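please find the sequence and the predicted model below.
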Amino acid sequence: MNFSEVFKLSSLLCKFSPDGKYLASCVQYRLVVRDVNTLQILQLYTCLDQIQHIEWSADSLFILCAMYKRGLVQVWSLEQPEWHCKIDEGSAGLVASCWSPDGRHILNTTEFHLRITVWSLCTKSVSYIKYPKACLQGITFTRDGRYMALAERRDCKDYVSIFVCSDWQLLRHFDTDTQDLTGIEWAPNGCVLAVWDTCLEYKILLYSLDGRLLSAYSAYEWSLGIKSVAWSPSSQFLAVGSYDGKVRILNHVTWKMITEFGHPATINNPKIVVYKEAEKSPQLGLGCLSFPPPGAGAGPLLSSESKYEIASVPVSLQTLKPVTDRANPKIGIGMLAFSPDSYFLATRNDNIPNAVWVWDIQKLRLFAVLEQLSPVRTFQWDPQQPRLAICTGGSRLYLWSPAGCMSVQVPGEGDFAVLSLCWHLSGDSMALLSKDHVCLCFLETEASVSTACRQLGGHT
Amino acid sequence: MGDWMTVTDRGLSSESKTISQYTSEIKMSPSSLYSQQVLCSSIPLSKNVHSFFSAFCTEDNIEQSISYLDQELTTFGFPSLYEESKSKETKRELNIVAVLNCMNELLVLQRKNLLAQENVETQNLKLGSDMDHLQSCYSKLKEQLETSRREMIGLQERDRQLQCKNRNLHQLLKNEKDEVQKLQNIIASRATQYNHDMKRKEREYNKLKERLHQLVMNKKDKKIAMDILNYVGRADGKRGSWRTGKTEARNEDEMYKILLNDYEYRQKQILMENAELKKVLQQMKKEMISLLSPQKKKPRERVDDSTGTVISDVEEDAGELSRESMWDLSCETVREQLTNSIRKQWRILKSHVEKLDNQVSKVHLEGFNDEDVISRQDHEQETEKLELEIQQCKEMIKTQQQLLQQQLATACDDDTTSLLRDCYLLEEKERLKEEWSLFKEQKKNFERERRSFTEAAIRLGLERKAFEEERASWLKQQFLNMTTFDHQNSENVKLFSAFSGSSDRDNLIVHSRQPQKKPHNVSNGSPVCMSKLTKSLPASPSTSDFCQTRSCVSEHSSINVLNMTPEEIKPNQVGGECTNQKWSVVSRPGSQEGCYSGCSLTYTNSHVEKDDLP
């Protein structure tokens, strides 16, 4: 595993282009586009204000930079650096901006969700969509980019509109049987839309593309409900994480629950491998002690090293006692993600924040548990293989694969606190983001990694 | 007990004698005399007694005594002591025979009485002890009764308490249920309240939004605009089309097409799955038939008729269904037949398996019993035999050890020791062999590499030579040019030389390119393993100068790779860049082995000189 030098970054804005050739990152009001392989700067664009959001168009030709504070969106072309486009939402304000899948339209949501403006880069036409709902996940596009589903709220009722993205024609408009719709999400095959209700009520509804209600599922009543939802890449399973600390897997034939994954704080099954991160302070020789470190650069050298240990069952995981009288209590399944081959599901229970559960979807059982020393911030699956990258806001990167797991210290001067990460689509590298730096991490093929691990493991 | 009683009798005997004497003197009754006799019968007659008896009858009162005795005896039903006289006047004579008879009879009677008395006494004793026993039993039972009564009371008390508790718990449960109900009601009412409030708020919010919308949107905000250099083409290269009814219809069509496709795909999948399942069913059926038919032939003939009919049925079905075409029919028609036949067969199989199970268990039981019977004798024999064997083995080991020691003491040559070690460490040897072969392979590789290096060096030498030659020729040419010659002549020569020179140079370039390439290739190859090993060299350096340093390092390492030790690599690595990364790995226990061997392999491949493998 190799690491590039670090580059400046602000507000964690760093994204690989969809074709995997470029890396866009923001430093204050500048947008820097680099080549992924050489890391040389290809383009440098200067925006009018500090950038708050960036997004690549699907064809990797344009980048959108949103400056919400000013109600501005600037678009840059990679092919023609002199080309520019600026969209001003004026006094209506701006809270969200995104590309349409064709990469030629920009959808801007105004403040207070008054409307969504669809700006075209091809024609002068501007379309407006009224009554968008202010919710967590109100816009979703199908994987093929053909349709857009939009959550709407009018007259105190929830609706879903399905648009054809090619000409923004309304295809279907139907009301949903929800109290307060919170999110919508297309299945990867683009034929089923999952709609879930507010956390006050456990309710998930499944609609066909033509607006028919396929099924409704509710696990229980009178308690906090759904917290997170994820489709498996094969569209076969819908994982629903809820506040009761369980993940329920629905199948795509009957839309009934197949199984329920609980997240208990103690693990008794001896078949489950529990990886426990352990910190080991290095043994400092007398020579090291007698010479004080010359500067901050020596910091990471002296910091303790961490490694995984296989804990023997029964293992009790560290739990958080949630504050129940506050909004958004830290309980329930807050994060879930399927591996690209749909064989594994990674979850995090928010009141056991240090642990990541990995479930075997083929056997529908728990496969492994990783317990970190600090709360897990993000995890993301390698787009090519079942390999999970985890970061905890420390200076280490953690990788899990069915063969085992490892922790890697990110090199560099001072601590590189990894707050977020994103994989390159080839799965060969990933960007590690800290508060104001980004660093690329290059992975080798599985075999060489394991040999390397072994060698280093053997030497230490 | 009897003994004890007799002992007391003896102790009392002298006293009783005197007493009896006294009483007999007072009363003088035959009955008392009789009792006296009875009392004294057990003790041997003494002179004293004799004198006492003599006192009853003296010389003077023989007649009276006899008559008294006669009287007494006749009252007791004995025959008279006197001879029956023919006449009344004659004096009655004492009949000796009768007296003797009487005496004998009396003696017999006495013995009988004695026996009876003894019996009675023993019985009395027995009864007494029985009584004691019963009394103790009674007291014990009484105690038991008391304790059980107490226990019962305790249990009753506990029962009462538990009931009380139960009642309380029921009450609590009911309360809790009520509470839950109440809370649910509260929640529900709160929810409705909340919803109501929300709705109200939302309406207000909507109104405000509407207002805001009007304010913001309708005043023709000049600022809301898009400033664009030029419009770009659509991603698909087409032009935008007008929205018409036609496009709407087309969109609908497309949507349905997508849905249809999805359903078709799913249907196909389901069909495939179905076919697979059918295949499995068929196979199972076939296997069942093949499994059941041969061994069922026999029982069909001799045992019950029902299974026989079922089997014939099954065979018929099998014949019918074995045609492949049946499987392609829709489920409707085949299903019933199929499921029925499978069910039947399953039933047969189940009954068969159960029978087998029964047999097995029976056999097992019998066998176990037999074994149990046998084991008693065999066991000891077996143990004896085994012990003997152990003894023999021990002796053998001892002798072997002795021999070994002797051998070691006498001749300690290397061969034998190595042999000995070999036989102890066969595994290790195997491993070493593997390592050796690996080593050899690596050696070969290195030899090859070295050869290529030497070749390259030779080529380089050749090239240099050629270059030298060329330079010489060129110098010569220059020299010749400098010297004043005929213009034309010189030009000719020049042309010629230029031609030859260029061709030479071409050759040279061709030659030189290879050796130039060669180390490059090597250097490209080796840094890979270097970086694999050290894990510190960035694969894609951002700046060109770094690239140079890297290649420099890599070349250096590639050249020195043959005689480099890990200590030498370390500084290089430090010179590289990121040194302070710490790795720690935990791989799953199962996969560790493979990983380890793989790693050691590559490791040894890259560095032969190293033998301190991790």
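Here it is on my side, so go on. Numbers count the residues shown, from 1 in each chain, chains lettered A, B, ... in the order given.

where does the stretch 1-150 of chain B dip in pLDDT?
Applying pLDDT under 70 to the stretch 1-150 of chain B flags the ranges B:1-54, B:84-92.

hmm, I typed the wrong one, I wanted the stretch 451-600 of chain B.
B:483-600.

can you do 50?
Within the stretch 451-600 of chain B, the ranges that satisfy pLDDT under 50 run B:485-600.

what ranges does the stretch 301-450 of chain B have for its helices?
Taking DSSP state H, counting those that start in this stretch, the helices of the stretch 301-450 of chain B run over residues B:305-321, B:324-328, B:331-410, B:414-424, B:426-482.

nearest to residue A:337, out of those?
Comparing these against residue A:337 with CB to CB, the closest turns out to be helix B:331-410 (38.9 Å). C-beta: built from backbone N, CA, C; applies to glycine.

tell me what that closest one is packed against?
With contacts defined as 3 or more CB pairs under 8 Å, 6 or more residues apart in numbering or on different chains; DSSP states H and E, helix B:331-410 has these neighbours: helix B:245-302, helix B:305-321.

lowest average confidence across these, which one?
Lowest mean pLDDT of those: helix B:305-321, a mean of 46.

quick one: end-to-end distance for stretch A:44-55.
Distance across stretch A:44-55, first residue to last, is 16 Å (CA to CA, to the nearest Å).

please see if it touches chain B.
No: Stretch A:44-55 is not in contact with chain B by CB under 8 Å from any CB of the partner chain; minimum separation 11.2 Å.

spatially central residue in chain A, please.
Of all residues in chain A, the one closest to the mean position by CA atoms, centre = their mean is residue A:380, 6.6 Å from it.

quick one, what contacts residue 182?
In the absence of a named chain, this looks at chain A. The contact partners of residue A:182, by CB atoms under 8 Å, 6 or more residues apart in numbering or on different chains, come to A:135, A:136, A:137, A:196, A:197, A:198, A:199, A:226.

looking at it now. What's its pLDDT?
Model confidence at residue A:182, given as pLDDT, is 92.

how much space separates it from chain B?
14 Å (CB to the nearest CB, to the nearest Å).

likewise residue A:264?
Distance from residue A:264 to chain B, by CB to the nearest CB: 22 Å.

how about the secondary structure of residue B:121?
helix (DSSP: H, G, I helix; E, B strand; the rest coil).

for it, give its distance to residue B:132.
Using CB to CB, to the nearest Å, one gets 17 Å for the distance from residue B:121 to residue B:132.

quick one: which of these two has more around it?
residue B:121 (13 against 10; other CB atoms under 10 Å in any protein chain shown).

what's stretch A:127-139 in contact with?
Outside stretch A:127-139, the residues within contact range by CB under 8 Å, 6+ apart are A:98, A:107, A:109, A:112-118, A:148-154, A:158-159, A:161, A:163, A:168, A:181-185.

show me which of these are buried.
In the contacts of stretch A:127-139, burial by neighbour count holds for A:98, A:107, A:109, A:112-118, A:148-153, A:158-159, A:161, A:163, A:168, A:181-185, counting by 16 or more other CB atoms under 10 Å in any protein chain shown.

point me to the residue of the stretch 151-300 of chain A nearest chain B.
residue A:191 (4.3 Å; CB to the nearest CB).

the closest residue to that residue other than its chain neighbours: how many residues sit nearby?
Spatially, and ignoring its direct neighbours in sequence, residue A:191 is nearest to residue B:262 (4.3 Å; CB to CB, 6 or more residues apart in numbering or on different chains). For residue B:262, the count of nearby residues is 18 (other CB under 10 Å).

do I have it right that residue B:262 meets residue A:189?
Yes: with contact defined as CB atoms under 8 Å, residue B:262 reaches residue A:189; the gap is 6.0 Å.

compute the number of surrounding residues for residue A:42.
Using other CB under 10 Å: residue A:42 sits among 15 other residues.

please read the previous query as pertaining to residue B:465.
Around residue B:465 there are 10 residues (other CB under 10 Å).

what about whatever residue of the stretch 301-450 of chain B ends up closest to chain A, how many residues nearby?
Relative to chain A, the nearest point of the stretch 301-450 of chain B is residue B:438 (15.0 Å; CB to the nearest CB). For residue B:438, the neighbour count with other CB under 10 Å is 15.

same deal with the one 3 residues further on?
Other residues lying near residue B:441 total 12 when counted by other CB under 10 Å.

residues contacting it?
Under the criterion of CB under 8 Å, 6+ apart, residue B:441 has no neighbours.

quick one: pLDDT of it?
With respect to pLDDT, residue B:441 scores 92.

for residue 180, give me phi and psi.
By default, I'm working from chain A. In terms of degrees, to the nearest 10, the main-chain angles of residue A:180 are phi -150, psi 90.

wrong chain, I was asking about chain B
The phi/psi pair for residue B:180 (degrees, to the nearest 10) is phi -60, psi -50.
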